[in-house]
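Make a model of this:
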Amino acid sequence: MEHQNEDRPLIEELRKRFLSRGPELEEFDKRDIERVHQDDIYVEFFFNHKHEDMEKALEMMVDCLKWRSQFGINDIMERNIDRRLFELGFLYPRNKDKHGNPLLFFHMKKYKKELFDMKEVKKLFAFALEKLSLQYPGKQITMVFDMQDSGISNMDMDLIKFVITCFQLYFPNILEYLIVYETPWILTAAWKIVKGWMSSDGISKIKMVGKNDITSYIAPEKLLSCMGGLDDFVYKYPPQMFSAPPTARFQNVSSTNEVFNSISISLDNTNKKNILDKVEKNANSNFDESSFGESNRVEQNGSNIDLTCKKSVHRRNVRNYAKSKLESAGPFITLSPANELVFCENKSGDIMQTITITNTVSSLVAFKIKTTTPENFRVRPSSGPISPSATVEVQIYLQPEFDIKNITKDKFLILSAVIPDNINDINSLWKTIPRSSIMEQRLRCRLQFILPSESDHDSSPSHKSDKSSDPKDYIYKQLKDCNNKIDRLQKRVIRLEHDVLITYRFIILLVVVVIVFFIIGAVFL
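Numbering: from 1, shown residues only. Model (predicted):
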């Protein structure tokens, strides 16, 4: 949807009325207020969603931004969403409809409502909508519910209600169509209930379709083969989905950005400096050396591995950031972390770290990441273009078979360069650009384990002695406890097998006795 110049005075009026609400603005996220300041299309979407009714548009904007602040939409990143949701592959964007609007697919049969925390699922959906709205400003979204082979166990009405609420209240004028494909008869009544939650405008956007009429909205070459189309795409995590769309000069370049990037709004240099000053000030005034808990460094076959108590991790990170700065500023990009990649285990059990790269110049910049041992790491994305003031998150996963004792020997090299106007193929950039035009920044590697804090144990003397002992002894005791538990489980299995065998023999004997009595009874009768 193109911005209409004739609506500019009305958009300015809506913006002015919103920004004049005084103390109420403190309830909103400052990043959203800045977006209202600068983004005409975003403001216009509220205006259009309410059919150019100024009062209703203003009311919707206030409610929407309050929700965004409470939900924390600007702070949602891939790494703080349950990774299993990404791996399941029930929700992802792919291709565009016939009007050029991005498609968001929801495969209902892959979703099991009892398996996941609803809060995490809502975060994933809101994350997807936010990313698409930022990547395609002015465009609407066509959402496709693929209902093939789904049943009552897949249909989560609470989630569907959240989806509808997002389209009606929190993401203004973003929905082009809501296509419901091949609904089983048993779920037809459920969709009638869904329509009851929607306004008349929303109901008109729901399209119940089958194989014969879905191509009225999506071209066959853009439709997934599992839905009768020609696109044989098969979802795989990490996928290529919420990467920034290529610029006009690189429309035909295959992107290596294959992850859900975080939602990010870049800050200017002044704001960055203010943040650094605040962090440094807080670190110096609020934390002294005695408040950091225990930290031990263990030599394990020649490698340095940190073993840190959980209660001090957050404070230690703040102190380390304040000492070495949050970021490393180069001529083209700002890099975070600045000097060292500290790998930690996340909630999904993966050992990973994230590099944030921000383009600080007014030109298009390319980046490329190299490592001394590429077989030991999975880097997504490893290269690509970054638009002016844009930010890219690179996620680095340690391969499961990697020998952690060698991690301190590994290093990462981040290359960056401004893309010349005469370069149209980014893949050939690094071969043709002079070495003097390439900026290099290096990062060391380290692994950090997190041990349980004192609060994770009871106050018995045995636990107190564990905490005060050497970390290697602690790990040994934990392994010994695990072995003891395994031994106990094995003994229980043996006992169960023995009980099952006795029960089986008893049943056989009982059957034989019954048969014998039956035969004897038949003979005498």
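
pLDDT weak spots in the chain?
Applying pLDDT under 70 to the chain flags the ranges 1-6, 238-330, 347-348, 449-478, 525.

if you set the cut-off to 50 instead, what comes out?
For the chain, the stretches flagged by pLDDT under 50 are 1-3, 239-241, 243-325, 452-469.

How is it divided into domains?
According to the TED database, the chain comprises the domains 2-74, 79-227, 328-447.

On the three-state scheme, Asp421 is what?
Classification of Asp421 using DSSP: H, G, I helix; E, B strand; the rest coil returns coil.

For Glu375, list the residues it contacts.
By CB atoms under 8 Å, 6 or more residues apart in numbering, the contact list for Glu375 reads Gln399. Every residue, glycine included, has its C-beta placed from N, CA and C.

any idea how far it lies from Glu176?
Glu375 sits 44 Å away from Glu176, going by CB to CB, to the nearest Å.

on that earlier part again, mind putting the domains of the chain into CSV with distance to Leu479?
As requested, these are arranged in CSV below (distance: least, CB to CB, whole Å):
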stretch, distance to Leu479
domain 2-74, 39
domain 79-227, 27
domain 328-447, 16
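
out of those domains, nearest to Gln490?
domain 328-447 (24.4 Å; CB to CB).

chain center to the closest one: distance?
Relative to its chain's centre, domain 328-447 lies at 19 Å (CA atoms, centre = their mean, to the nearest Å).

swap in stretch 56-70?
From the chain centre to the centre of stretch 56-70 is a distance of 24 Å (CA atoms, centre = their mean).

Show me the contact partners of that stretch.
So stretch 56-70 is in contact with 14, 17-18, 21, 24, 27-29, 32-33, 36, 43, 46-47, 49-50, 74, 169-170, 172, going by CB under 8 Å, 6+ apart.

in that stretch, what's buried?
Of the residues in stretch 56-70, Ala57, Leu58, Met60, Met61, Val62, Cys64, Leu65, Lys66, Arg68, Ser69 count as buried by neighbour count, 16 or more other CB atoms under 10 Å.

still on that earlier bit, of all the domains of the chain, which lies closest to Leu509?
Nearest to Leu509, of those and by CB to CB, is domain 79-227 at 42.3 Å.

Can you give me the end-to-end span of the closest one?
Using CA to CA, to the nearest Å, the span of domain 79-227 from its first residue to its last is 31 Å.

Of the domains of the chain, which is nearest Val516?
Closest to Val516 of the domains of the chain is domain 79-227 (CB to CB; 48.2 Å).

out of everything not next to it in sequence, what's closest to Asp410?
Among residues not flanking Asp410 along the chain, Cys445 sits closest, at 4.5 Å (CB to CB, 6 or more residues apart in numbering).

In terms of secondary structure, what does the strand or helix carrying the one you found contact?
In this assignment (DSSP states H and E), Cys445 forms part of strand 439-451. In terms of contacts (3 or more CB pairs under 8 Å, 6 or more residues apart in numbering; DSSP states H and E), strand 439-451 is packed against strand 303-309, strand 333-336, strand 340-345, strand 411-418.

if we can go back for a sec, and the contacts of stretch 56-70, which of them are in helices?
Here DSSP state H is the test, and the contacts of stretch 56-70 give Leu14, Arg17, Phe18, Asp32, Ile33, Val36, Val43, Phe46, Phe47, His49 as lying in helices.

Could you pick out the longest helix of this protein?
helix 471-524.

and the angle from that helix to strand 439-451?
Here helix 471-524 runs at 60 degrees with respect to strand 439-451, directions being taken by axes from the mean of the first three to the mean of the last three CA atoms, to 10 degrees.

Please name every helix or strand in contact with helix 471-524.
strand 295-300, helix 461-468.

Report the distance from it to the chain centre.
For helix 471-524, the distance to the chain centre is 45 Å (CA atoms, centre = their mean).

now swap in stretch 89-101 and tell me
Mean C-alpha position of stretch 89-101 versus that of the full chain (CA atoms, centre = their mean) differs by 18 Å.

How many neighbouring residues does the residue lying closest to Ile218 once chain neighbours are set aside have?
With sequence-adjacent residues excluded and distances taken as CB to CB, 6+ apart, Ile218 is closest to Asp97, at 5.2 Å. By the criterion of other CB atoms under 10 Å, Asp97 has 20 neighbours.

Now Asp97: phi and psi?
Asp97 has phi and psi values of phi -80, psi -170 when expressed as degrees, to the nearest 10.

Roughly how far does it sit from Leu364?
Distance, Asp97 to Leu364, by CB to CB: 28 Å.

same deal with Thr503?
Noted for Thr503: a distance of 73 Å to Leu364, by CB to CB.

Of these two, which one has the most company?
Set Thr503 next to Leu364 and count neighbours by other CB under 10 Å: Leu364 wins out with 20 against 10.

Quick check: which element contains Lys131?
If you go by DSSP H and E, Lys131 is part of helix 118-135.

mind saving the C-alpha coords of that helix as PDB?
Only the C-alpha atoms of helix 118-135 are listed here, as PDB (Å, rounded to 0.1, in the frame of the first residue of the first chain):
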ATOM      1  CA  MET A 118       1.100 -20.400  25.200                       C
ATOM      2  CA  LYS A 119       3.200 -17.300  26.200                       C
ATOM      3  CA  GLU A 120       6.100 -18.600  24.000                       C
ATOM      4  CA  VAL A 121       3.800 -19.300  21.000                       C
ATOM      5  CA  LYS A 122       2.300 -15.800  21.300                       C
ATOM      6  CA  LYS A 123       5.800 -14.300  21.400                       C
ATOM      7  CA  LEU A 124       6.700 -16.200  18.200                       C
ATOM      8  CA  PHE A 125       3.600 -15.000  16.300                       C
ATOM      9  CA  ALA A 126       4.000 -11.400  17.400                       C
ATOM     10  CA  PHE A 127       7.700 -11.600  16.500                       C
ATOM     11  CA  ALA A 128       6.800 -12.800  13.000                       C
ATOM     12  CA  LEU A 129       4.300 -10.000  12.400                       C
ATOM     13  CA  GLU A 130       6.700  -7.400  13.700                       C
ATOM     14  CA  LYS A 131       9.500  -8.500  11.500                       C
ATOM     15  CA  LEU A 132       7.400  -8.600   8.400                       C
ATOM     16  CA  SER A 133       5.900  -5.200   9.100                       C
ATOM     17  CA  LEU A 134       9.400  -3.700   9.500                       C
ATOM     18  CA  GLN A 135      10.900  -5.500   6.500                       C
END
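
Need the contact partners of it.
Contacts to helix 118-135, defined as CB under 8 Å, 6+ apart, come from residues 71, 73, 76, 78, 80-82, 85-86, 91-93, 102, 104, 141, 156, 158-159, 162-163, 166, 170-171, 174, 242, 244-245, 260-261, 263.

again, but for stretch 142-156
The contact list for stretch 142-156 (CB under 8 Å, 6+ apart) reads 97, 99, 101-109, 111-114, 118, 121, 163, 167, 175-184, 186-187, 190, 217-218, 224, 226-227.

Identify each buried residue in it, please.
Thr142, Met143, Val144, Phe145, Asp146, Met147, Ser150, Asn154, Met155, Asp156.

Just the terminal-to-terminal distance for that stretch.
With CA to CA as the measure, stretch 142-156 spans 20 Å from end to end.

Asp39 against Pro137, yeah?
Yes - counting by CB atoms under 8 Å, Pro137 is a contact partner of Asp39 at 7.4 Å.

out of the two, which sits in the more crowded spot?
Neighbours per residue (other CB under 10 Å) separate Asp39 from Pro137, with Asp39 holding more: 16 against 13.
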